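[1] I would like to see how this sequence folds:
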Amino acid sequence: MAKALFQLNPDLDRAALARQFARDRRLQIADVLTEEAARELRGILQHHTQWGIALQAGAHGKPQGFRAQELSNPAIAKQAMEIAQLTDKAAAERDYAYRSMRYSLVEALQGGWAPDGPHEILLEHLNAEEFLGLMRQITDIPELAKADGHASCFGPQHFLGRHMDSHVAEGWRIAYVLNLTIDDWYPDWGGYLVFFDEDGNIETGFKPRFNTLNLFAVPQAHAVTYVPPFAPKGRYAISGWLRDR
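    Predicted structure coming up:
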């Protein structure tokens, strides 16, 4: 595996991070990777990722994913646009919805999209002992056995509606978001990971700051706030779940 692609910061205070996670059940780790590794990963997302789009309109709707190659077909592009319009309708009616750019690391590996490419190497790193061992230490969940993952880019008019990530029966224990945003992400551009209390108040909001890792135990009510039309493309991340099976 290419070490420079995913090299943890050796100066992380693991004991302090574990104490904070035990207290809050959520955590943002600054400078989680070395600067070189984080910038290498961001470059891959910016310049070497064939972005598709992921959509869902309504909690009972079917998640839809379209690869970049598929969107070159006018009929499929039209279908994706129609679903995107339905996500607006669902959100306006207080139903769950999302839309963002996406590239699934797991599907890419299984489907042989780019054999031995950087996305496959990244997924190997996420499942290597160096990373999983750190996650077990911070979360105090020794059963963590593997990580899935996808690359995402929230650009203008993208969002992820309030939901719980309640797939505990499928082995989901911890959600993670490795932020690889453009430098100096501005608060007015949205794209914040936010957590809600029972009254809908925001308890915590995590800025999508470059080279930070967000972790939280599932289920917790959360969302990614709407990215407005004037925001630049650049809320890049690697996201997924740490699983016990």
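
[2] What about Gln137, how many residues nearby?
    Around Gln137 there are 17 other residues, counting by other C-beta atoms under 10 Å. Where you see a C-beta, it was placed from the backbone N, CA and C, and this is true even at glycine.

[3] before we move on, what about Asn179?
    Tallying neighbours of Asn179 according to other C-beta under 10 Å, which is how burial is gauged here, yields 26.

[4] ditto for Arg25
    Residue crowding around Arg25 was assessed by other C-beta under 10 Å; the count is 15.

[5] before we move on, what about Glu170?
    Glu170: 10 surrounding residues under other C-beta under 10 Å.

[6] got a list of what it touches?
    243, 245 (C-beta atoms under 8 Å, 6 or more residues apart in numbering).

[7] Sticking with Tyr236, tell me its helix or strand.
    With secondary structure defined by DSSP states H and E, Tyr236 is part of strand 235-243.

[8] Show me the longest helix that occurs in this structure.
    Across the chain, the longest stretch assigned as helix under DSSP state H is helix 74-92.

[9] and the next helix-or-strand element following that one, what does it pack onto?
    From helix 74-92 onward toward the C-terminus, using DSSP H and E, the following helix or strand is strand 97-104. In this structure, strand 97-104 packs against strand 52-57, helix 74-92, strand 150-154, strand 159-163, with contacts taken as 3 or more C-beta pairs under 8 Å, 6 or more residues apart in numbering; DSSP states H and E.

[10] out of the ones you listed, deepest packed?
    Highest mean neighbour count of these: strand 150-154, a mean of 24 (counted as mean count of other C-beta atoms under 10 Å).

[11] and for it, what are the contacting residues?
    Contacts to strand 150-154, defined as C-beta under 8 Å, 6+ apart, come from residues 45, 49, 51, 54, 100-106, 119, 160, 190-191, 224, 227, 233-240.
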